[in-house]
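>>> Sequence and predicted structure, then a few things I'm wondering about:
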Number of protein chains: 2
Amino acid sequence: VREVKVAVLGAGSWGTTVAALAARNVSTLLWARDPVVVEDINTRRVNTRYLADFTLPEALRATASLEEAVAQADVVVTGIPSHGMRGVLTEAAPYVRPWIPIVSLTKGLEQGTRLRMTEVIDELLPGHPTGLLAGPNLAPEIMAGYAAAAVVAMADEHVARSLQRVFHSPRFRVYTNHDVVGAEIGGALKNVIAVAAGMGTGLGVGDNTRAMVITRGLAELTRLGTAMGGDPRTFAGLTGLGDLMATCMSPLSRNRAVGEKLARGMTTDQIVKEMNMVAEGIKTSAVVVELAAEREVPVPICEEVYAVLHQGRSALDAYRGLRRSAAGSELDDSV
Amino acid sequence: VREVKVAVLGAGSWGTTVAALAARNVSTLLWARDPVVVEDINTRRVNTRYLADFTLPEALRATASLEEAVAQADVVVTGIPSHGMRGVLTEAAPYVRPWIPIVSLTKGLEQGTRLRMTEVIDELLPGHPTGLLAGPNLAPEIMAGYAAAAVVAMADEHVARSLQRVFHSPRFRVYTNHDVVGAEIGGALKNVIAVAAGMGTGLGVGDNTRAMVITRGLAELTRLGTAMGGDPRTFAGLTGLGDLMATCMSPLSRNRAVGEKLARGMTTDQIVKEMNMVAEGIKTSAVVVELAAEREVPVPICEEVYAVLHQGRSALDAYRGLRRSAAGSELDDSV
C-alpha cells in the first residue's frame, strides 16, 4: 500500500484525538493556529489546553502553518468548530491538492447560511469528495484506550473504505455509510437533544423521563433529518442514536453540561464565558428551529431548548411544556 | 363515564405500582398470593417486600383470592413473571368475565413454548382483547412521583383509548400503539441487551462502548422483532428504545444489575439466589437465541449474553467477542 499523508486541521480535543488515531496508521500532521499548542505537542507530546492528561503518539507532528499542513496531504480532516470552518478553509484552500477527500469532524450547522459542514466544504473546495467521521466518541475515553466504534460517511463507498483503514484500530472500529446527510444531521441535532437531557439531569427528573426525552428526541431528529434527505436507518445507527446516547449518558459531554448549568439557573452568556471549549448545541439549536419551521416539521424538544438558550425561558418551564403536550398515538408523526 | 373496575394480578414492584396508578382513577383490586402481602397493603398501605419506601393510595385494596379479584373486574392486568403467568391464568380463567380486555405488564417470553405473554393469555383466555402496558417505567421512580410516559399497545385502538384513561395521570402520560407484537418483543429483548450493558458497566468499558452496545442492541431487537411481525417504528419508540435506555442507564434496573454481577465473576445461580425479584433477561436470553436461530436472524449480542448466563463464558470474553466482529457497512443487516 502506498503511504497516505493526513492533515488534521484544528487541535481541539476531538481533532487531536483523531490525529492521534491516524498517526498510529499513517503519517499525520496536526494544524493548530496557536504556536504554543504546536510547541506543546511537538516537544512534550501533550495538548495541555484540551487533553492535558494524555500522552500523544511519538509519530504525531504539529504545525502552525496551514500551508505546510495541507500542501502534502492526501486527506484533509477538519476539526474546526462550525463558526470557524469557513474562515480556516478559505485560508487553506489555495494549498489543498486537487481531488483529495475532505473529512469533517464537526457536529454543527453554520449559522446564517444553515449549511451542513460538508456543504460549507463543497462551497469552498468544490470537486473534492467530502464526508465525515462520526459516532459515539467521547475524546477522553478514546485517548484513555477504551474501545469505541465510529462511521466514515461518504457518498463514494470506495473512498469510504480507504479512509476506514486510516482511522481503524483494534480498539476503534470504523464502519462505513454512504448517507452523508443523515450522519451529519444526526450529529448536529443530537447536541441539541443532549442539552435537553442535561437540563433533565440538572432538574433531577429521573431516568424514566430522561429516557423519554432521548426517545422522543430521536424521533424529532429522524423526522427533520428524513425531511432533509437522510436515510431513516442512519438515525437509528452509531452517528444518530449511538452518538445521542453517549452524549446524553456521559458526564464528559459538553452539551449535556450546558443543560445542567441551565437547570441551575445560569444564563447562556455565563455558560459560554465559563467554558474553555465550544458546545455546538448552543448555536445549532437556532438553526434547527429555523430549518424545522421552513419544512413544517414539529420539533418540540429543540424548540424548548432554543427558548431556554436564547429567549430566557427557565429549564423547569421547558420541562413542564414538554410534559403538557397531549399524548396520542405513539406512531403519529405530528406529536 | 361508567365506573370501571380493575383487577391487577401480582403484587411485585411493577404490579403494585400500576395498581397504585389505576387506583387514582378507578376502583382497583390487587391480587397477591401471599396473605402477608395482602394484610400489609390493606392495613398499613405499604408493600414491604417490594416497595418498602412508598405509601400506597387509600383507595387501593388487596385480596389473596383470585376469584374475588377477577369476578367483578372490567379489566384484568397481569403483573406475573413469565414463568408463573400460565399457572395463575389457568387458576383465574373460570372467574374472568367474558369480553373484557386483559393487559400484560410482563416483559418476557415463555420458556419451552417461546410464546409472547399476550399469546399465553390468548391461549388460556380466548376471545378477550389482549395487549400490554409498557415503556421506560422504573417502578421506584414512578412511586416517588417522577414523571414518565408509557404505551398501551392493543390491536383495537378504541379499547386502547379507553385503557389510556385508566392509567393516565398528569405525571404518567399514556400513548397508544396498535402494534402489540412490536411492543411486546421490544420489552422482552431489551432485558437481554440490558444484561449486556450491565456487564459493560461492571467491566468499566466506558460510555462510548456502552452506547455502541445499546445502539447495536437496538438493531438486533429491531431485526428479530420485524422478522416476527412487529412494526420497525415501534422499536424506535417508548416500548423499544425508550425502555431499553431507561433499563441500561438506571442503577435501579434488575437486568442491568445481573450484568454487573456477571462482570464481577458471579455465576447465574449465585445471582438468582441472591435476588429477591425476577430478572426476566436471564430466561428470555435462551428463548431469544432459539427464535433467532429459527428465523436465521443474527443476534450477536444476545448470543454473547446467553453464553455468559448459561454456558459459563466470562463477561470479559463476551466483550472481546463483540469487538472482534468485523466492521463493514453500518446499514448491512448481516453484521
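Happy to help now that I have it.
>>> okay, CA-based contacts and neighbour counts for the rest of this
Noted.
>>> Is the residue in the stretch 51-200 of chain A positioned nearest to chain B in a helix, a strand, or coil?
Here the stretch 51-200 of chain A gets closest to chain B at one residue, residue A:176, 4.6 Å apart by Cα to the nearest Cα. Of the three states, residue A:176 takes strand under DSSP: H, G, I helix; E, B strand; the rest coil.
>>> my guess is residue A:86 meets residue A:120, correct?
Yes: between residue A:86 and residue A:120 a contact is recorded at 6.7 Å, counting by Cα atoms under 8 Å.
>>> what's the strand or helix carrying residue A:150 packed up against?
In the assignment (DSSP states H and E), residue A:150 maps to strand A:148-154. Secondary-structure packing of strand A:148-154 (3 or more Cα pairs under 8 Å, 6 or more residues apart in numbering or on different chains; DSSP states H and E): strand A:130-134, helix A:157-167, strand A:172-177, helix A:180-203, helix B:207-227.
>>> angle of the longest one against strand A:172-177?
The one in question is helix A:180-203. 130 degrees (axes from the mean of the first three to the mean of the last three Cα atoms, to 10 degrees).
>>> Rounded mean pLDDT for helix A:180-203, please.
On average, the pLDDT along helix A:180-203 is 95.
>>> is that helix anywhere near chain B?
No: figure legend: helix A:180-203 not in contact with chain B (Cα under 8 Å from any Cα of the partner chain); closest approach 11.1 Å.
>>> and that helix, how far from the chain's centre?
Helix A:180-203 sits 10 Å away from the centroid of its parent chain (Cα atoms, centre = their mean, to the nearest Å).
>>> So which residues on the stretch 1-150 of chain A come close to chain B?
Proximity of the stretch 1-150 of chain A to chain B (Cα under 8 Å from any Cα) is limited to residues A:136-138, A:141, A:146-149.
>>> Output those as TSV; include the columns neighbour count and pLDDT.
Below are the residues of the stretch 1-150 of chain A next to chain B laid out as TSV (neighbours: other Cα atoms under 10 Å in any protein chain shown; pLDDT from 0 to 100):
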residue	neighbour count	pLDDT
A:136	28	93
A:137	27	92
A:138	23	91
A:141	18	92
A:146	18	90
A:147	22	88
A:148	27	91
A:149	26	91
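>>> Report the secondary structure state of the most centrally placed residue in chain A.
Here the mean C-alpha position of chain A is nearest to the C-alpha of residue A:107 (Cα atoms, centre = their mean), at a distance of 2.5 Å. Under three-state DSSP, the three-state class of residue A:107 is coil.
>>> Could you tell me which residues make contact with it?
A:82, A:117, A:184, A:187-188, A:191, A:280 (Cα atoms under 8 Å, 6 or more residues apart in numbering or on different chains).
>>> In a markdown table: the helices and strands packed on strand A:148-154, plus mean neighbour count and distance to residue B:235.
Shown next, in a markdown table, are these (neighbours: other Cα atoms under 10 Å in any protein chain shown; distance: least, Cα to Cα, whole Å):
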| stretch | mean neighbour count | distance to residue B:235 |
| --- | --- | --- |
| strand A:130-134 | 28 | 23 |
| helix A:157-167 | 18 | 28 |
| strand A:172-177 | 24 | 21 |
| helix A:180-203 | 28 | 18 |
| helix B:207-227 | 25 | 6 |
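>>> As CSV, these with distance to residue A:28 would be great.
Formatted as CSV, the helices and strands packed on strand A:148-154 follow (distance: least, Cα to Cα, whole Å):
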stretch, distance to residue A:28
strand A:130-134, 16
helix A:157-167, 10
strand A:172-177, 17
helix A:180-203, 24
helix B:207-227, 24
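>>> among the ones you listed, which is nearest residue A:321?
Nearest to residue A:321, of all the helices and strands packed on strand A:148-154, is helix A:180-203, at 12.2 Å by Cα to Cα.
>>> now that closest one and strand A:148-154, what's the angle there?
140 degrees.
>>> Pull out the buried residues from the helix-or-strand element of chain A with minimal mean pLDDT.
Among the helices and strands of chain A, helix A:315-324 carries the lowest confidence by mean pLDDT, DSSP states H and E, at a mean of 86. Residues of helix A:315-324 classed as buried by neighbour count (16 or more other Cα atoms under 10 Å in any protein chain shown): A:315-316, A:318-319, A:323.
>>> And the contacts of it?
For helix A:315-324, the surrounding residues in contact (Cα under 8 Å, 6+ apart) are A:199-200, A:203, A:262-263, A:265, A:300-301, A:304-305, A:307-308, B:171, B:173.
>>> show me what contacts the residue of the stretch 51-200 of chain A closest to chain B?
Contact partners of residue A:176, counting by Cα under 8 Å, 6+ apart, are A:151-154, A:157, A:160-161, A:164, B:328-330.
>>> Let's see that with 6 Å instead.
Neighbour list for residue A:176: A:151-153, B:329-330 [criterion: Cα atoms under 6 Å, 6 or more residues apart in numbering or on different chains].
>>> Equivalent analysis for residue A:71, please.
Applying Cα under 6 Å, 6+ apart, the residues near residue A:71 are A:95-96.
>>> ok, now how distant is it from residue A:65?
Distance of residue A:71 to residue A:65, computed by Cα to Cα, to the nearest Å: 10 Å.
>>> got it, and residue A:131?
Distance, residue A:131 to residue A:65, by Cα to Cα: 24 Å.
>>> likewise residue A:78?
With Cα to Cα as the criterion, residue A:78 and residue A:65 are 15 Å apart.
>>> got it, and residue A:98?
Going from residue A:98 to residue A:65 by Cα to Cα gives 19 Å.
>>> more neighbours, these two?
residue A:65 (16 against 13; other Cα atoms under 10 Å in any protein chain shown).
>>> before we move on, the earlier item: and which of the buried residues of helix A:315-324 is nearest chain B?
residue A:323 (7.9 Å).
>>> still on that earlier bit, between the residues of the stretch 1-150 of chain A next to chain B, which is closest to residue B:91?
residue A:136 (49.4 Å).
>>> check which helix or strand covers that closest one.
With DSSP H and E as criterion, residue A:136 is part of no helix or strand.
>>> what does the one 10 residues further on give?
Per DSSP H and E, residue A:146 falls between elements, in no helix or strand.
>>> So what does it have for phi and psi?
Main-chain dihedrals, residue A:146, degrees, to the nearest 10: phi -70, psi 150.
>>> The stretch 151-300 of chain A against chain B: which residues are in contact?
A:175-177, A:207-209, A:211-212, A:215, A:242, A:245-246 (Cα under 6 Å from any Cα of the partner chain).
>>> Residue ranges in the stretch 151-300 of chain A under the pLDDT threshold?
Nowhere does the stretch 151-300 of chain A drop to pLDDT under 70.
>>> returning to that earlier point: hmm, which two among the contacts of residue A:107 are most spread apart?
With Cα to Cα as the measure, no two of these lie farther apart than A:117 and A:191, at 14.8 Å.
>>> In the stretch 201-335 of chain A, which residue sits nearest chain B?
For the stretch 201-335 of chain A, Cα to the nearest Cα, closest residue to chain B: residue A:329, 4.6 Å.
>>> can you tell me which of the residues of the stretch 151-300 of chain A next to chain B lies nearest to residue A:20?
Nearest to residue A:20, judged by Cα to Cα, of those is residue A:175 at 18.7 Å.
>>> Identify the spatial nearest neighbour of the closest one, chain neighbours not counted.
Nearest residue to residue A:175 in three dimensions, chain neighbours excluded: residue A:151, at 4.6 Å (Cα to Cα, 6 or more residues apart in numbering or on different chains).
>>> what's the neighbour count on the one you found?
Using other Cα under 10 Å, residue A:151 is surrounded by 26 other residues.
>>> which ones are touching it?
A:133-135, A:174-176.
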